[in-house]
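J.: got a sequence here, can you model it:
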Amino acid sequence: MHKDYRPDWDIYTCHIEESPAVIGLDLDLRRFAPLKDKPNAIYITVYLNHPREDGFPHNDEFAVMGEIEDRLVEELQSKLDAHFVGRTFSNGVRDFYFYTGSTLLHDKYIADAMISFPQYRYDYGIKEDNNWELYFDYLFPDVYEFQRIQNRKVLRMLRKHGDVSEKERPIEHWIHFKSEEDKNLYWQHIQEIGFTLLHDIKVDENPEYPYRLCIMRPDKATEPVIDRVVMTLWEVAQQVNAEYDGWETSIMK
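T.: Numbers count the residues shown, from 1 in each chain. Okay, here's the model as predicted:
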């Protein structure tokens with residue numbers, strides 16, 4: 001794995017075949033995948049014994065699924081050098097996904113992991129997936145959900161340091177542009193909804209997006225407000241071929 005790789009696990013909710021689902025995955029893999037030495041996907045499906053009506057586990061089974069995950073990861077990483085990339089909960093089942101090079105004896109290693117959980121029925125399978133379509137097309141969130149995940153990361157950090165999210169405060173946003181014309185067009189749209197301009201700069205280290213704006217507006221740091229503001233800025237950026245590059249704020253107590 002690349003030296004800059006840092007595991008970055010997060011979860012989001014969605015639907016799988018019309019059933020509510022929770023997907024967890026390692027987001028940082030997007031920067032390095034597909035891994036050419038791991039072209040084979042392995043999936044393991046474990047069936048819940050007593051799912052709730054919505055298909056999710058009760059607390060006791062949720063804990064057991066965590067134990068099963070730990071055993072599967074231990075076996076497949078140590079025996080096949082497999083990389084654990086994601087998991088799903090939906091419709092009464094827990095699915096675990098790995099990528100590996102060799103698949104020799106994968107069935108034995110899965111059985112070795114599951115032998116400690118005889119009360120659970122499970123299935124498994126493998127498929128050649130050189131482009132990691134399972135990771136990118138099935139597990140990975142769409143652009144809207146991905147941005148919401150990034151928002152939640154910042155909000156969690158703020159709360160960890162005692163931030164009172166309902167307090168309005170200046171929130172800064174960065175947007176990168178390919179041309180000065182795109183930048184000016186963006187600013188024409190955004191200033192109409194209450195943003196002020198903090199920085200208007202040109203950089204040399206990124207020739208594809210050399211023009212940058214830092215804009216600010218007072219807002220609350222609650223999840224609904226942040227999601228609404230960020231998605232508005234992101235959508236306008238898409239219209240002018242720009243790149244929204246995140247937000248930051250100070251802690252309010």
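J.: tell me, how many neighbours does the nearest residue to G55 once chain neighbours are set aside end up with?
T.: Taking C-beta to C-beta, 6 or more residues apart in numbering as the measure, G55 lies nearest to N91, with 4.5 Å between them; neighbours along the chain are not counted. For glycine as for every other residue, the C-beta is placed from the backbone atoms N, C-alpha and C. Residue neighbour count, defined by other C-beta atoms under 10 Å, stands at 17 for N91.
J.: any idea how far N91 lies from E168?
T.: As defined by C-beta to C-beta, to the nearest Å, N91 lies at a distance of 42 Å from E168.
J.: same thing with F96?
T.: Counting by C-beta to C-beta, the separation of F96 from E168 is 43 Å.
J.: which one of these two is surrounded by more residues?
T.: Here F96 and E168 are compared on neighbour count by other C-beta under 10 Å; more neighbours surround F96, at 24 against 12.
J.: show me the contacts for that one.
T.: By C-beta atoms under 8 Å, 6 or more residues apart in numbering, the contact set of F96 is Y43, I44, V46, I68, E69, L72, F84, G86, R87.
J.: one more: Y99?
T.: With contact set as C-beta under 8 Å, 6+ apart, Y99 has these partners: L35, K38, P39, N40, A41, I42, A82, H83, V85, D129, W132, Y135.
J.: so it is in which element?
T.: Assignment of secondary structure by DSSP states H and E places Y99 within strand 93-100.
J.: for that strand, C-alpha coordinates in PDB please.
T.: Below are the C-alpha coordinates for strand 93-100, written out as PDB (Å, rounded to 0.1, in the frame of the first residue of the first chain):
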ATOM      1  CA  VAL A  93     -27.900  -9.700   6.500                       C
ATOM      2  CA  ARG A  94     -24.400  -8.500   7.100                       C
ATOM      3  CA  ASP A  95     -22.000  -8.500   4.100                       C
ATOM      4  CA  PHE A  96     -18.200  -8.100   4.300                       C
ATOM      5  CA  TYR A  97     -16.100  -7.200   1.300                       C
ATOM      6  CA  PHE A  98     -12.400  -7.900   0.700                       C
ATOM      7  CA  TYR A  99      -9.900  -7.600  -2.200                       C
ATOM      8  CA  THR A 100      -7.000 -10.000  -2.600                       C
END
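J.: who does it pair up with?
T.: strand 40-47 (antiparallel), strand 83-90 (antiparallel) (DSSP bridges).
J.: circling back: turn the contacts of Y99 into a markdown table, columns for neighbour count, pLDDT and distance to N206.
T.: As requested, these are exported to a markdown table (neighbours: other C-beta atoms under 10 Å; pLDDT from 0 to 100; distance: C-beta to C-beta, whole Å):
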| residue | neighbour count | pLDDT | distance to N206 |
| --- | --- | --- | --- |
| L35 | 17 | 96 | 26 |
| K38 | 23 | 97 | 31 |
| P39 | 16 | 97 | 32 |
| N40 | 18 | 98 | 36 |
| A41 | 23 | 98 | 34 |
| I42 | 27 | 98 | 38 |
| A82 | 25 | 97 | 36 |
| H83 | 21 | 97 | 30 |
| V85 | 24 | 98 | 29 |
| D129 | 19 | 97 | 32 |
| W132 | 21 | 97 | 27 |
| Y135 | 23 | 97 | 27 |
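J.: count the neighbours of the nearest residue to R152 once chain neighbours are set aside for me.
T.: In space, not counting the residues next to it along the chain, R152 is nearest to E223; the distance is 6.8 Å by C-beta to C-beta, 6+ apart. Burial of E223 is recorded as 13 neighbouring residues (other C-beta under 10 Å).
J.: from V236, how far off is E223?
T.: Computed as C-beta to C-beta, the E223 to V236 distance reads 21 Å.
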